[in-house]
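Trainee: I need the structure of the sequence given here:
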Amino acid sequence: MKIKLDQMTQKDKDDRLQRFLSASEQQLFPQEDIAIYLTCSTHTLQRLRCTGGGIPYSKIGRSVVYKKSDVLKYQQNQTIMNTAQLAS
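Mentor: Now for the predicted structure:
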């Protein structure tokens with residue numbers, strides 16, 4: 001059964017974050033775990049899937065999963081080195 005972010009305890013979130021951090025780069029994770037890692041909402045991830053430019057994902061049945069290596073690569077590509085980069 002899938003648990004929504006707002007229904008998780010802080011311990012649940014911490015456990016999921018630790019599991020993500022210690023996993024291999026090929027491991028797949030549900031959008032809730034990725035939202036915890038990126039400190040965003042699942043709605044933000046859904047919006048990025050619809051509009052493009054987000055993290056590559058796979059659908060398994062109705063479930064959306066992300067590969068850890070894709071999440072890390074996306075995060076690295078979002079890194080801003082200075083405010084001049086924001087204008088481009």
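Trainee: which residue packs closest to residue 30, ignoring adjacent ones?
Mentor: residue 65 (6.0 Å; CB to CB, 6 or more residues apart in numbering). C-betas here are computed from N, CA, C, even on glycine.
Trainee: what's the helix or strand for that neighbour?
Mentor: strand 63-67 (DSSP states H and E).
Trainee: can you check residue 71 too?
Mentor: helix 68-77.
Trainee: what are the buried residues along that helix?
Mentor: 68, 70-71, 74 (16 or more other CB atoms under 10 Å).
Trainee: and the pLDDT at the residue lying closest to residue 25 once chain neighbours are set aside?
Mentor: Leaving out its chain neighbours, the residue that sits closest to residue 25 by CB to CB, 6+ apart is residue 69, at 3.9 Å. Listed pLDDT for residue 69 reads 98.
Trainee: any weak-confidence spans in the chain?
Mentor: Low-confidence segments of the chain (pLDDT under 70): 1, 85-88.
Trainee: so which residues of it form helices?
Mentor: 10-22, 31-38, 42-51, 68-77 (DSSP state H).
Trainee: now the angle from the first one to helix 31-38?
Mentor: In other words, helix 10-22. 80 degrees (axes from the mean of the first three to the mean of the last three CA atoms, to 10 degrees).
Trainee: who's in contact with helix 10-22?
Mentor: 3, 5, 8, 29, 32-34, 36-37, 68 (CB atoms under 8 Å, 6 or more residues apart in numbering).
Trainee: gap between that helix and the chain center?
Mentor: Here the centre of mass of C-alpha atoms in helix 10-22, compared against the chain's by CA atoms, centre = their mean, to the nearest Å, lies 13 Å away.
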